[in-house]
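Student: Requesting a structural model of the entry that follows:
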Amino acid sequence: MKKHGASGSSFSDWWAYKFEVYEAIPHNGKIMHDMGITVAYNSDDAEMARRLNQEAAKAVKYGGVSEEEALKFVTLNPAKLLHVDNRVGSIKPGKDADVVLWSDNPLSIYARALQTYVDGIKYYDATDDEAKQKANMTERARIIQKMIDAKAKGEKVKRVSSAQKELKHCNDFESMPH
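Tutor: Residues are numbered from 1 along each chain as shown. Purely as a prediction, here's the structure:
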């Protein structure tokens, strides 16, 4: 790969759940990194993509990769593979930076996202989210109490229906249009 100037986009270690990862091992990123190959971790699963920082941590734990290099597996290196590292992937003047402020080392399983900024706009704030959740719980309690009161007065019970949005996963091929 190095001889040809190729980079490597890999899964960290989710072994054998589909063809692309039949041979995946926790040391994969480390082996390529030590050979001088630019390594990026990826996921095509909506949930796993949210936790690539923890996938990068596996390169530290199982491969002894430095924390800085492991973070590059999920920040700068994917941008290099896509040839957009002049615009994204690291925080430098002139780049478009999407930033997450963490409660702890982002490689820790205990780290929580405290704030998220995209194009300079705050999209998430843990403190705001906590207040919204509290308000939602208060509203939920109010609605439930209203239903209990209505039933106690003898009003007819109405079934609640709502359309649930379906979250697609990488192995949902059967539901894809052909």
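Student: what's the closest non-adjacent residue to A97?
Tutor: Leaving out its chain neighbours, the residue that sits closest to A97 by Cβ to Cβ, 6 or more residues apart in numbering is I91, at 4.9 Å. C-betas here are computed from N, CA, C, even on glycine.
Student: Would you agree that neighbour falls within a strand?
Tutor: No. Looking at I91 with DSSP: H, G, I helix; E, B strand; the rest coil, it is coil, so not inside a strand.
Student: pLDDT score assigned to it?
Tutor: I91 carries a pLDDT score of 90 in this model.
Student: now swap in the one 10 residues further on and tell me
Tutor: According to the predicted model, the pLDDT of L101 comes to 96.
Student: looking at this, it is in a strand?
Tutor: Yes. With three-state DSSP as the criterion, L101 is part of a strand.
Student: residue contacts, it?
Tutor: A113, L114, Q115, T116 (Cβ atoms under 8 Å, 6 or more residues apart in numbering).
Student: Can you list which of the residues you listed are found in strands?
Tutor: Judged by DSSP state E, strands contain the following of the contacts of L101: A113, L114, Q115, T116.
Student: As CSV, those with pLDDT would be great.
Tutor: Shown next, in CSV, are the ones in strands among the contacts of L101 (pLDDT from 0 to 100):
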residue, pLDDT
A113, 94
L114, 97
Q115, 97
T116, 95
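Student: if I look at Y117, how far off is V99?
Tutor: Y117 is 5 Å from V99, where distance means Cβ to Cβ, to the nearest Å.
Student: quick one, phi psi at the residue nearest the centre of the chain?
Tutor: What sits nearest the mean C-alpha location of the chain, by Cα atoms, centre = their mean, is R50, with 0.9 Å. In terms of degrees, to the nearest 10, the main-chain angles of R50 are phi -70, psi -10.
Student: ok, it to A163 distance?
Tutor: Applying Cβ to Cβ, the value for R50 to A163 is 24 Å.
Student: So what's the gap between the worst-scoring helix or strand of the chain on mean pLDDT and the chain middle?
Tutor: Every helix and strand in the chain was compared by mean pLDDT, DSSP states H and E; the lowest is helix 46-49, with a mean of 80. Its chain's C-alpha centre lies 5 Å from the corresponding centre of helix 46-49 when counted by Cα atoms, centre = their mean, to the nearest Å.
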